[in-house]
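S.K.: predicted model, plus sequence, below.
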Amino acid sequence: MAKIMKWILGIGVALLAAILTVSFVYLRREWDRTTFFENTTINGYNVSGKSPEEVLALLKGEFTKANVHLTEGGREEAVWSLAQVGYTIDENALMSGIEDALKKQKSSIPVLLDSLMNGNSFEIDVPFRFDSEVFSSAVTTAALADARIENVDAAITYDQAAKNYSITPEVQGTLLNDSDIRQLVQQAVDAVIGGTRPEEDISVAIPESLYIVPSILSTDPGLNLKVNTFNSYDKAVITYVFGEEKVVLDWNTICDWVVFENGQGYLSEEKLREYVMGLGQQYNTIYYTRPFHTTGGSEIIFAENDNNYGYLIDEEGEYAQLLADIQSNTQTEREPVYAYRGVGRHGRDDMASYVEVSIGAQHLWFYKDYQLLLESDVVTGCVAKGTPTQTGIFPIAYKESPATLIPSNETNGTSVQYWMPFYDGQGLHDATWRTAFGGQIYQYRGSHGCVNMPYYAAEFIFNNADSGTPVVLY
């Protein structure tokens with residue numbers, strides 16, 4: 001019995017030794033293997049029996065197969081591979097992670113045994129390199145399939161018929177900045193790559209908020225200020241009347257007078273005053289050098305100081321009236337505000353009616369509406385007594401009938417029927433005490449400066465010439 005027990009024990013020891021020898025050889029072989037054990041995954045991919053190089057190829061293929069799709073309004077605008085947009089696997093870093101995982105599955109005998117029995121599941125980083133130059137070259141607005149639609153700024157529109165301004169709204173186009181598209185794409189790609197299991201494709205939609213906004217919107221305060229200001233003045237039409245000649249001032253000119261400063265719109269005082277001054281320069285006739293064609297056919301030039309008849313625009317009064325007319329959008333036809341005015345005009349011509357006195361010829365002519373109605377000999381101021389008649393152009397100040405004339409150096413007056421003064425006590429009047437007119441009478445027996453004329457002539461002029469009619473004396 002004892003022999004049998006020893007024999008059995010010997011066989012057991014031999015078997016155990018054999019088992020241990022076989023186990024050692026097996027474990028030694030598994031410890032030395034350079035591939036992953038069965039039932040091993042990395043980032044969810046089965047890598048059983050694969051070498052690190054094979055695992056590298058697997059992961060590289062899986063993590064770079066996704067394409068980047070850029071869409072706009074549901075339409076595909078561009079498709080890039082990851083490599084085309086500058087994303088490539090860092091193979092050295094990835095291999096290092098794979099090799100670390102290979103080492104971990106047999107880091108100790110217990111780990112080895114567990115790995116052999118149960119397999120392993122590893123999660124490792126899949127690092128990418130990013131080439132910004134490649135990315136920037138690929139991701140541009142020029143790469144998009146659809147042509148970009150240009151923006152249209154909001155603008156002021158004038159309705160000629162309605163004489164009204166309004167704002168035409170802006171049109172939002174599809175212009176994009178390259179930098180905005182790049183940021184959008186890069187953020188989307190960065191959020192996906194390097195994960196444990198990448199998506200098959202990366203889809204990036206262009207939001208409307210990314211579009212470049214038009215430079216001028218319909219809500220622009222400056223644009224609205226202009227429209228409101230223009231509509232405050234654009235209907236004003238001032239038609240200036242200069243006899244038969246008219247000058248129309250409307251928005252075509254006024255629009256250039258509108259000034260915008262500090263959020264306010266107003267009419268330029270300087271521009272308005274320049275315009276009024278220009279009217280004066282064109283249509284003022286008093287105190288200007290004035291040429292005169294005599295009945296005898298010669299031309300006389302009266303200097304500014306000698307021309308005391310005509311029209312003079314009151315620049316301050318006209319400025320105030322013009323400003324009020326424009327601000328109230330008035331449509332009116334009127335004469336300018338005058339400081340002095342003659343008796344009738346046709347544009348700049350303001351002497352359709354006048355009394356002409358030639359001192360040398362001692363003769364008078366009366367024209368009304370360009371027609372000669374009367375001529376007569378006269379007697380003017382006495383040369384010998386030093387009381388000559390003043391030369392120049394003067395308006396008839398007023399008419400009086402009858403009247404008593406008292407010379408400045410006398411006390412007794414002279415009664416006349418028709419008195420029409422024009423300059424400092426001098427005037428036109430009848431002289432019934434004279435029996436003759438014309439000739440050289442004025443040299444020694446002339447008047448105190450007045451223009452003496454026959455009764456009938458004085459009566460005719462008195463009845464047909466208005467106050468303000470110019471008297472031309474030369």
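M.R.: It's in.
S.K.: where do the helices sit along the stretch 351-474 of the chain?
M.R.: Using DSSP state H, counting those that start in this stretch, the helices found in the stretch 351-474 of the chain span residues 441-445, 455-464.
S.K.: just the CA trace of the longest one, in PDB.
M.R.: Once side chains and other backbone atoms are set aside, the C-alpha atoms of helix 455-464 remain, and they are given as PDB (Å, rounded to 0.1, in the frame of the first residue of the first chain):
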ATOM      1  CA  TYR A 455     -48.600 174.600 -67.900                       C
ATOM      2  CA  TYR A 456     -49.900 172.000 -70.400                       C
ATOM      3  CA  ALA A 457     -46.700 169.900 -70.100                       C
ATOM      4  CA  ALA A 458     -46.700 170.000 -66.300                       C
ATOM      5  CA  GLU A 459     -50.400 169.000 -66.300                       C
ATOM      6  CA  PHE A 460     -49.900 166.100 -68.600                       C
ATOM      7  CA  ILE A 461     -46.900 164.700 -66.700                       C
ATOM      8  CA  PHE A 462     -48.700 165.200 -63.400                       C
ATOM      9  CA  ASN A 463     -51.700 163.300 -64.600                       C
ATOM     10  CA  ASN A 464     -49.800 160.500 -66.300                       C
END
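S.K.: in terms of secondary structure, what does it contact?
M.R.: strand 363-368, strand 371-377, strand 419-423, strand 426-430 (3 or more CB pairs under 8 Å, 6 or more residues apart in numbering; DSSP states H and E). From N, CA and C alone the C-beta is placed, and that goes for glycine too.
S.K.: let's go with 6 Å and repeat that
M.R.: Here helix 455-464 touches strand 426-430, going by 3 or more CB pairs under 6 Å, 6 or more residues apart in numbering; DSSP states H and E.
S.K.: distance of residue 280 from residue 71?
M.R.: Note on residue 280: its distance to residue 71, by CB to CB, to the nearest Å, is 70 Å.
S.K.: in terms of packing, which of these two has more residues around it?
M.R.: When neighbours are counted by other CB atoms under 10 Å, residue 280 and residue 71 differ, and residue 280 comes out ahead with 17 against 14.
S.K.: in space, what's closest to that one - neighbours in sequence excluded?
M.R.: Excluding its sequence neighbours, the residue lying closest to residue 280 (CB to CB, 6 or more residues apart in numbering) is residue 313, at 4.5 Å.
S.K.: which residues touch that neighbour?
M.R.: By CB atoms under 6 Å, 6 or more residues apart in numbering, the contact set of residue 313 is 279-280, 284, 336.
S.K.: that one and residue 270, how far apart?
M.R.: Relative to residue 270, residue 313 is positioned 18 Å away (CB to CB).
S.K.: most tightly packed of the helices of the stretch 351-474 of the chain?
M.R.: helix 455-464 (a mean of 17; mean count of other CB atoms under 10 Å).
S.K.: tell me which residues are up against that one.
M.R.: By CB under 6 Å, 6+ apart, the surrounding residues in contact with helix 455-464 are 366, 374, 376, 399, 418, 429-430, 432.
S.K.: one more time with 8 Å
M.R.: Residues outside helix 455-464 that contact it (CB atoms under 8 Å, 6 or more residues apart in numbering): 355, 364, 366, 368, 373-374, 376, 378, 399, 401, 416-418, 420, 428-430, 432, 453.
S.K.: can you check stretch 329-338 too?
M.R.: 232-242, 246, 276, 279, 283, 311-314, 317-318, 321, 324-325.
S.K.: at 7 Å instead, please
M.R.: Residues outside stretch 329-338 that contact it (CB atoms under 7 Å, 6 or more residues apart in numbering) are 232-233, 235-241, 279, 311-314, 317-318, 321, 325.
S.K.: pull out the buried residues from it.
M.R.: Using 16 or more other CB atoms under 10 Å as the test for burial, stretch 329-338 gives 336-338.
S.K.: from those residues, pick the one nearest residue 263.
M.R.: Checking the buried residues of stretch 329-338 against residue 263 with CB to CB, the nearest one is residue 337 at 32.8 Å.
S.K.: who's residue 414 bridged to?
M.R.: Beta-bridge pairing for residue 414 (DSSP bridges): residue 405.
S.K.: return the members of the contacts of helix 455-464 classed as buried.
M.R.: Using 16+ other CB under 10 Å as the burial test, those include 355, 364, 366, 368, 374, 376, 378, 399, 416, 418, 420, 428-430, 453 as buried.
S.K.: give the contact list for the nearest residue to residue 380 once chain neighbours are set aside.
M.R.: Of all residues not flanking residue 380 in the chain, residue 389 sits nearest, at 4.1 Å (CB to CB, 6+ apart). For residue 389, the contact set (CB under 7 Å, 6+ apart) comprises 359, 380-381, 426, 449, 451, 473.
S.K.: go with 10 Å
M.R.: 357, 359, 378-383, 422-423, 426, 442, 446-452, 473 (CB atoms under 10 Å, 6 or more residues apart in numbering).
S.K.: also residue 470?
M.R.: With contacts defined as CB under 10 Å, 6+ apart, residue 470 is in contact with 285-286, 290, 292, 307-310, 342-343, 350-351, 353-356, 393-396, 422.
S.K.: do you know the pLDDT at it?
M.R.: Here, the pLDDT recorded for residue 470 equals 98.
S.K.: excluding chain neighbours, give the residue nearest to it in space.
M.R.: Counting by CB to CB, 6+ apart, the residue nearest residue 470 is residue 309, at 4.0 Å.
S.K.: burial count for the one you found?
M.R.: Quick note: residue 309 (other CB under 10 Å) scores 26 neighbours.
S.K.: do you know how far the residue lying closest to residue 443 once chain neighbours are set aside is from residue 119?
M.R.: Spatial nearest neighbour of residue 443, excluding adjacent residues (CB to CB, 6+ apart): residue 383 at 4.9 Å. Applying CB to CB, the value for residue 383 to residue 119 is 145 Å.
S.K.: sorry, back to before: would you mind measuring from the residue nearest to residue 470 to residue 394?
M.R.: The spacing between residue 309 and residue 394, counted by CB to CB, is 6 Å.
S.K.: quick one: common contacting residues for the two?
M.R.: By CB under 10 Å, 6+ apart, the residues touching both residue 309 and residue 394 are 422, 470-472.
S.K.: and those residues as CSV, adding distance to residue 177?
M.R.: As requested, the shared contacts of residue 309 and residue 394 are exported to CSV (distance: CB to CB, whole Å):
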residue, distance to residue 177
422, 81
470, 75
471, 81
472, 78
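S.K.: how about residue 121, what does it touch?
M.R.: Going by CB under 10 Å, 6+ apart, residue 121 touches 39-44, 101.
S.K.: what's the helix or strand for it?
M.R.: strand 120-122 (DSSP states H and E).
S.K.: so where's the stretch 151-300 of the chain shaky on pLDDT?
M.R.: Scanning the stretch 151-300 of the chain for pLDDT under 70 picks out the ranges 194-199.
S.K.: can you give me the strands for it?
M.R.: 155-159, 164-168, 202-205, 237-242, 245-249, 258-261, 264-267, 290-293, 299-302 (DSSP state E, counting those that start in this stretch).
S.K.: check the stretch 1-150 of the chain too.
M.R.: 40-42, 45-46, 67-72, 75-81, 87-89, 120-122, 128-130.
S.K.: quick check: residue 418 touching residue 396?
M.R.: No - between residue 418 and residue 396 there is no contact under CB atoms under 10 Å: 11.2 Å.
S.K.: quick check: which ranges of the stretch 301-450 of the chain have low pLDDT?
M.R.: 408-411.
S.K.: format the buried residues of stretch 329-338 as JSON lines; extra columns: distance to residue 220 and secondary structure.
M.R.: Formatted as JSON lines, the buried residues of stretch 329-338 follow (distance: CB to CB, whole Å; DSSP: H, G, I helix; E, B strand; the rest coil):
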{"residue": "336", "distance to residue 220": "39", "secondary structure": "coil"}
{"residue": "337", "distance to residue 220": "39", "secondary structure": "coil"}
{"residue": "338", "distance to residue 220": "44", "secondary structure": "strand"}
